[in-house]
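> the following comprises the amino acid sequence and a computationally predicted model.
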Amino acid sequence: MNVALFGGTFDPVHLGHLAVARAAQQRFQLGRVYLVPADVPPHKQKVPITPYHHRYAMLALATQGEKDIVPSLLEAPDAEGGTQWGANYSIDTVRRFKQTLKKSDRLFFLIGIDAFLDVAKWREPEALLRECEFIVVSRPGFSLADVAGALPESMRPADAVLKPFQGKSATGGDIVLGGAAIHLLEGLQERVSATQVRQAAAQGRAVNRWLAPAVAEYIKKLGLYRTANTKGAAKPSDEPDVHAVAEVMQPAPLSGSELRNNSRTTLHIVGGKARGRRTARPEER
Ligand code: ATP
């Protein structure tokens, strides 16, 4: 079975998240999409976020009519390997989750392009990129070069290789590079962010149009996001110690890699040197 982990803060879960999960489910025949709220997101340790149980409750409400999109407790405060080190790191979550999968299962990591652009700063980014396939949800204005350029330095193609892709909209396709496979999922244009929802709620404006009805109801009933905090969090959570997210990685040689998109251009990167050549789309072969 194809399975995806979709991690985030989900403060709160909104229709953009659900659209991403549904689109990926259809495009990659995902038998299950797990929405994994982080108890302590590594990149948000200094900002107040809503307590985990509220964020999880909203995910449960948002997905109640969805058979195969389910909330996950993988990064719950009391989960095995949980937040005793201060934050939930995706590499730990993925490795732990993989132990529960069958050999025949195929694991994907679902992520928006804005979050993917920081992937090089994550813990063990090369290892994470090789542990599972990535589905990056692209947005207008981002190019394939942006996606490849965000890779950790040891995996990143040379600037000369990326140049032909710069400014070219990332309309889908795959990047296969140094043992990592990254699929671009295009066509989603949900103009909503959780920040927007929190800010609107803090100003007493309606938030219904961005949320599943049961989530909007929960926010209202519990009075979440009422504080005038610009970040709009319901209640500051305890601030744990700050841990370094970035780590220095050993450069690994590139080999047998390719960068491909729907424009029929494939770049093969062999031993760090790039050659461009025209090729047929996969479905035309
Ligand atoms: P915030 O505004 O608080 O930063 P957010 O709306 O980006 O929150 P997160 O929980 O941080 O939500 O995001 C979880 C994942 O969902 C990330 O990979 C993010 O890129 C993706 N995502 C969030 N909103 C959208 C959207 N409207 N379209 C596509 N992807 C999205």
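Cool, got the structure.

> roughly how far does E153 sit from F10?
30 Å (CB to CB, to the nearest Å). Every residue, glycine included, has its C-beta placed from N, CA and C.

> these two: which is more packed in?
Per other CB atoms under 10 Å, whichever of E153 and F10 has more neighbours is F10, with 26 against 11.

> so that one sits in a helix?
No. Secondary structure assignment places F10 outside any helix; it is coil (DSSP: H, G, I helix; E, B strand; the rest coil).

> next, the residue of the stretch 101-250 of the chain found nearest the ligand: phi, psi?
Sorted by distance to the ligand under CB to the nearest ligand atom, the residues of the stretch 101-250 of the chain start with G112, at 2.0 Å. Note on G112: backbone dihedrals following degrees, to the nearest 10 are phi -80, psi 150.

> so it touches V137, yeah?
Yes. Contact status for G112 versus V137: in contact at 4.9 Å, counting by CB atoms under 8 Å.

> these two - which one has more neighbours?
Neighbours were tallied for G112 and for V137 using other CB under 10 Å; the higher tally belongs to V137 (26 against 20).

> list the contacts for that one?
By CB atoms under 8 Å, 6 or more residues apart in numbering, V137 lies in contact with V20, A23, A24, L110, I111, G112, I113, L185, L188.

> after the host helix or strand of V20, next one along is what?
Using DSSP states H and E, V20 maps to helix 15-27. If you walk from helix 15-27 toward the C-terminus, the next helix or strand you reach (DSSP H and E) is strand 30-37.

> close to the ligand, is the helix or strand just after that following strand?
Using DSSP H and E, the helix or strand that follows strand 30-37 in sequence is helix 52-62. No. Counting by CB under 6 Å from any ligand atom, the ligand has no neighbours in helix 52-62; the shortest distance is 8.8 Å.

> please apply the same query to stretch 148-158.
No. In this structure, stretch 148-158 remains apart from the ligand according to CB under 6 Å from any ligand atom; the gap is never smaller than 12.5 Å.

> I'm done for today, thanks for sticking with me.
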